[in-house]
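Colleague: Provided below are the primary sequence and the corresponding predicted coordinates.
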Amino acid sequence: MRAGRAEELLADLSAPPTRRTCLTHLERRPARAGRRGEFPEWVDPRLLHHLAERGITAPWIHQEQAARLAHAGRHAVLATATASGKSLAYLLPVLTSLGARELDIEAPRATALYLAPTKALAGDQLTNITAMADGAGIRDARVALYDGDTPAEQRRWVRRHGTMVLTNPDMLHFGILPGHEQWAHFFRALRYVVIDECHSYRGVFGSHVAMVLRRLRRIAAHYRASPTFVLASATTAHPELSAARLIGEDVTAVTEDGSPRAGVTIGLWEPGTRTRVDGRGDPAHWTGGDRAGPSDGAEEDPSAGARRSEDPLRRSATSEAAALLADLVERGVQTLVFARSRRGAELVSSGARRLLTQKAEHTAAPALAARAERIAAYRGGYLARERRELEDALRSGELTALASTNALELGIDIAGLDAVVVAGWPGTRASLWQQFGRAGRKQDADGGALALFVAREDPLDTYVVHHPETVLGAEVEAAVFDPANPYVMTPHLCAAASELAIRDGEEGIFGPTARELLTTLAARGVLRQRETGWYWTLSESAHELTDLRGSGGEPVRIVERSSGALLGTVDAASAHTQVHDGAVYLHQGASYVVDHLDVEQAVAFVHREDPLHTTHPQSASTLRIRQVDREVEWEQGIRLCFGTVDVTDQVTGYQVRDVFTQAVLAQHPLDLPPRTLTTKAVWWVIPQETADAAEIPGEELPGALHAAEHAAISMLPLLATCDRWDIGGLSAAQHEDTGAPTIFVYDGAPGGAGFAERGADDAAAWVRATADMIGDCPCESGCPACVVSPKCGNGNEPLSKRQAERLLALLRPRAEH
């Protein structure tokens, strides 16, 4: 897309009267020239020749620096922008070492292991790496994929003959390390371990992967190998610290990006209200994507069922993204939309198609109908074949647009896109820039590509579009995870002992608390302790004790009852809220209704239906304090605490709401078992007399605490690499363990994920941003842009925005110091 086209597109998109005030910020990032280095002298000459044929005569400076570090045996993390050529940085030393014996029979044999966070990314890299190895004629580079989709016969070949094996942490945990004896030939020659998109390893998933990598290092050492780790990351703060915490050894960071950057125009967009220009609010004249399909539901539309009548009703980000996508596709602009959820991706895709189809019918323009067919959805839960077909169609231009979850955020080679639309805050600044980086990957004109952030009616989203400096001018946050989490470490110690007995003195590789945990496991009879170390003696598989993705159990299969067809899966932790009895479920734009969720068999049976309603789960929660790890006295007797809590949550029923008005049509009870989570939390204890002195009426105190809790949860992602769906909260006017008004914010993962601790460490900035956000919101009594939560199990009642401001003012003096 030529320079200036992005501005023209924004002008067109903003032209309708109902969109004229939507663009809150416009920023142009100019193109940047690249800076070349030199290929190291040790690079395989065949590889140099192949690269020269492709027009690559010199590496970018960051590629050279990272390649030299890796070749010298130093662990390195390359943290540069999307599409900066990180793959070449690690492929130079890896392919050179794999092909070394073809040039010198005395050279040592070498193998390499590549880890990607998703199967899709590993599959994409298989194509790229194979093409480079074959193009260079490096026969000993036998590149192979080893994941859950690999057939049994092919797996045997990979174990015996593969020299560069591409896999994911889950397969490494379940399929490689437990049977390491079958991989002895591979491990003895292991020279490199490549960890791609390492910034995605955060929270409990990051903690699990850190333990798996320590087990990998231990197995490699058993076979007398000491591989060099090369990590590729998005631009983040202190990448060397996060990388070191991930692998358990010191890492050198390469952060000076020498690649050329396309010019990009960045827009921040706040959807307008669902009213006519003359203000009469006739639904027939609402603009945006509301007419494109069902309401987003609770996951996408925080306002659902909780709107104050005097506050304006904004168009949802999903509906707005669908309408914008339809406009972009109509103009032939190849576009990628990132939605916040699987449901959101489906709704954006189907909504844009419907809008174009309707316009084609009204204008007798069959070409528009044809363009509507070139829009599709892409998300996890699809079968591998479906995902690959969609990726190929977008690359070839057969598809003009995809609406995707963050499944396409990572380094899958989707290049040359004219526009990217991010519908809703993606969780972290790192993710936002990764998604924006898909725009203009092959452009070289200033402002030639468009990157647009569309705000949900959510406190953090609203704050961002009115405070662009918090994103566009701020340092990207560091990944947060805690490898010392005992709930994570314990099952990995069992897995490690089943792979190889953990010798006395060897446990230090897992961390300083490992010995204590091993002793506890031995006392419980899980491990057997002898003079030489700890042994796994049970008949059960130790590797089944943990779930790396922290989803809480076996994925739930979604099966169409009439045909028996497997439609997809949903993680166990989400099943009670997404596929409970009666729930409406979307797949590839088609609606299904759940007939029955079989919790024991982990399967949900569904039938095809197009209901005119959406479903919204409701839950009840209780929280008990188990242990206070630290406590800080604030002013006026207020205490800030951090520690361990037990959270018990139960989905008790669901509401049925009209797809257009979100009016509650019915409420149904559910009989699902409660779930108890032991995790980490941060909490404030406010003495009753302090609240009284602030003139917060007793009857409004629960609403004030509840509103402040919601606001604090929504703003924590500014400080930690979390999403509001990664954390939870609870407030009480008189909590049974503190005896006083208390606000809790807790990690949504067993044992904690580091998010609550990050909030406790920087509580002053957290309170300040939360208070500013509520104070800036123009609504009278609370709305989804400040204190209404999209995931409140109590239906957002009670809430008191005005008294929440007074409550946060009590905390703010400390925050100003």
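Modeller: On my side now, so go ahead.

Colleague: what backbone torsions are found at the closest residue in space to residue 198 that isn't next to it in sequence?
Modeller: Computed as CB to CB, 6 or more residues apart in numbering, the closest residue to residue 198 that is not its neighbour in sequence is residue 231, at 4.4 Å. Just so you know, the C-beta spots here come from the backbone N, C-alpha and C atoms, and that holds for glycine as well. Backbone torsions of residue 231, given as degrees, to the nearest 10, read phi -110, psi 140.

Colleague: may I have the beta-bridge partners of residue 231?
Modeller: residue 77, residue 195 (DSSP bridges).

Colleague: okay but it is in contact with residue 76, surely?
Modeller: Yes: counting by CB atoms under 8 Å, residue 231 does reach residue 76; the two are 7.1 Å apart.

Colleague: neighbour count: these two, which is higher?
Modeller: residue 231 (31 against 26; other CB atoms under 10 Å).

Colleague: thinking again about what came up before, for the residue nearest to residue 198, give me its contacts.
Modeller: 75, 76, 77, 78, 194, 195, 198, 239, 243, 246, 247, 251 (CB atoms under 8 Å, 6 or more residues apart in numbering).

Colleague: identify the contacts common to residue 231 and residue 76.
Modeller: Going by CB under 8 Å, 6+ apart, residues that sit against residue 231 and also against residue 76 are residue 251.

Colleague: wait, residue 700 sits on residue 803?
Modeller: Yes: the criterion here is CB under 8 Å, and residue 700 meets it with residue 803 at 4.7 Å.

Colleague: compare the two (neighbour count), which wins?
Modeller: Using other CB under 10 Å as the criterion, residue 700 and residue 803 rank with residue 803 on top: 23 against 19.

Colleague: now do the same end-to-end measure for stretch 51-61.
Modeller: One end of stretch 51-61 sits 16 Å from the other (CA to CA, to the nearest Å).

Colleague: where are the low-confidence patches of the stretch 401-550 of the chain?
Modeller: 410-416, 441-447, 550 (pLDDT under 70).

Colleague: which residues of it fall in strands?
Modeller: Counting by DSSP state E, counting those that start in this stretch, the stretch 401-550 of the chain has strands at residues 401-404, 419-423, 449-454, 502-503, 527-530, 533-536.

Colleague: also the stretch 1-150 of the chain?
Modeller: Under DSSP E, counting those that start in this stretch, the stretch 1-150 of the chain gives strands at 23-29, 76-79, 111-115, 143-145.

Colleague: one more: the stretch 201-350 of the chain?
Modeller: 228-233, 252-254, 264-269, 335-338.

Colleague: mind giving me the packing neighbours of the last one?
Modeller: Which is strand 335-338. helix 317-330, strand 401-404, strand 419-423 (3 or more CB pairs under 8 Å, 6 or more residues apart in numbering; DSSP states H and E).

Colleague: which among those is found nearest to residue 623?
Modeller: Proximity to residue 623 (CB to CB) singles out helix 317-330 among the helices and strands packed on strand 335-338, at 30.6 Å.

Colleague: and the angle for that closest one with strand 419-423?
Modeller: If you take axes from the mean of the first three to the mean of the last three CA atoms, to 10 degrees, helix 317-330 sits at 170 degrees to strand 419-423.

Colleague: who does helix 317-330 touch, helix- and strand-wise?
Modeller: Using 3+ CB pairs under 8 Å, 6+ apart, helix 317-330 sits against helix 5-13, strand 335-338, helix 342-363, helix 366-372, strand 401-404, strand 419-423, strand 449-454.

Colleague: so which of these comes closest to residue 731?
Modeller: helix 342-363 (28.0 Å).

Colleague: so what's the model's average confidence on the closest one?
Modeller: Helix 342-363 shows a mean pLDDT of 91 in the predicted model.

Colleague: circling back to that earlier point, I'd like to know which of the strands of the stretch 201-350 of the chain is closest to residue 190.
Modeller: strand 228-233 (9.6 Å).

Colleague: the nearest residue to residue 503 once chain neighbours are set aside: neighbouring residues, count only.
Modeller: In space, and not counting its chain neighbours, residue 503 is closest to residue 533: 4.2 Å by CB to CB, 6+ apart. Neighbour count for residue 533, taken as other CB under 10 Å: 18.

Colleague: next up, the contacts around residue 533.
Modeller: 501, 502, 503, 504, 506.

Colleague: re earlier: of all the strands of the stretch 401-550 of the chain, which one is nearest residue 344?
Modeller: Nearest of the strands of the stretch 401-550 of the chain to residue 344, taken as CB to CB: strand 419-423 at 6.7 Å.

Colleague: just want the angle from the closest one to helix 5-13.
Modeller: Going by the same axes, to 10 degrees, strand 419-423 makes 50 degrees with helix 5-13.

Colleague: buried residues in the worst-scoring helix or strand of the chain on mean pLDDT?
Modeller: Least confident helix or strand, the chain: helix 384-396 with a mean of 80, by mean pLDDT, DSSP states H and E. For helix 384-396, a neighbour-count test (16 or more other CB atoms under 10 Å) marks 387, 390, 391, 393, 394 as buried.

Colleague: which one of the residues you listed is nearest to residue 725?
Modeller: Out of those, the member with the shortest distance to residue 725 (by CB to CB) is residue 387, at 22.8 Å.

Colleague: spatially nearest residue to the closest one, not counting backbone neighbours?
Modeller: Using CB to CB, 6+ apart, the closest residue to residue 387 is residue 120 (5.5 Å).

Colleague: same check on residue 609?
Modeller: residue 593 (4.6 Å).

Colleague: name the element that neighbour belongs to?
Modeller: Here residue 593 sits within strand 590-598, counting by DSSP states H and E.

Colleague: how about that strand as CSV, C-alpha atoms only?
Modeller: Only the C-alpha atoms of strand 590-598 are listed here, as CSV (Å, rounded to 0.1, in the frame of the first residue of the first chain):
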residue,chain,number,x,y,z
ALA,A,590,-22.3,-21.3,12.8
SER,A,591,-24.2,-21.4,16.1
TYR,A,592,-24.6,-24.5,18.2
VAL,A,593,-26.5,-25.1,21.5
VAL,A,594,-25.0,-27.4,24.1
ASP,A,595,-27.3,-30.3,25.0
HIS,A,596,-25.2,-31.7,27.8
LEU,A,597,-21.7,-31.2,29.3
ASP,A,598,-20.4,-34.5,30.6
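
Colleague: quick one on the thing from earlier: for residue 65, which of the helices and strands packed on helix 317-330 is the nearest?
Modeller: With CB to CB as the yardstick, what comes closest out of the helices and strands packed on helix 317-330 is strand 449-454 (27.5 Å).

Colleague: about what we covered before: show me what the residue nearest to residue 503 is bridged to.
Modeller: residue 503, residue 530.

Colleague: which stretches of the stretch 701-817 of the chain have low pLDDT?
Modeller: Those would be 790, 813-817, if you go by pLDDT under 70 across the stretch 701-817 of the chain.

Colleague: that one: helices as residue ranges?
Modeller: 701-715, 755-761, 763-776, 801-815 (DSSP state H, counting those that start in this stretch).

Colleague: now these in CSV, with distance to residue 468?
Modeller: What follows is those, written out as CSV (distance: least, CB to CB, whole Å):
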stretch, distance to residue 468
helix 701-715, 16
helix 755-761, 23
helix 763-776, 14
helix 801-815, 22
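
Colleague: comparing those, which comes out most buried?
Modeller: helix 701-715 (a mean of 27; mean count of other CB atoms under 10 Å).

Colleague: can you list the low-confidence ranges for the stretch 201-350 of the chain?
Modeller: 274-313.

Colleague: buried set for stretch 564-577?
Modeller: 567, 568, 569, 570, 571, 572, 573, 574, 575, 576, 577.

Colleague: quick one: which of the strands of the stretch 1-150 of the chain is nearest residue 267?
Modeller: Of those, the one closest to residue 267 (CB to CB) turns out to be strand 23-29, at 5.6 Å.

Colleague: parallel or antiparallel, list what pairs with the closest one.
Modeller: strand 264-269 (antiparallel).
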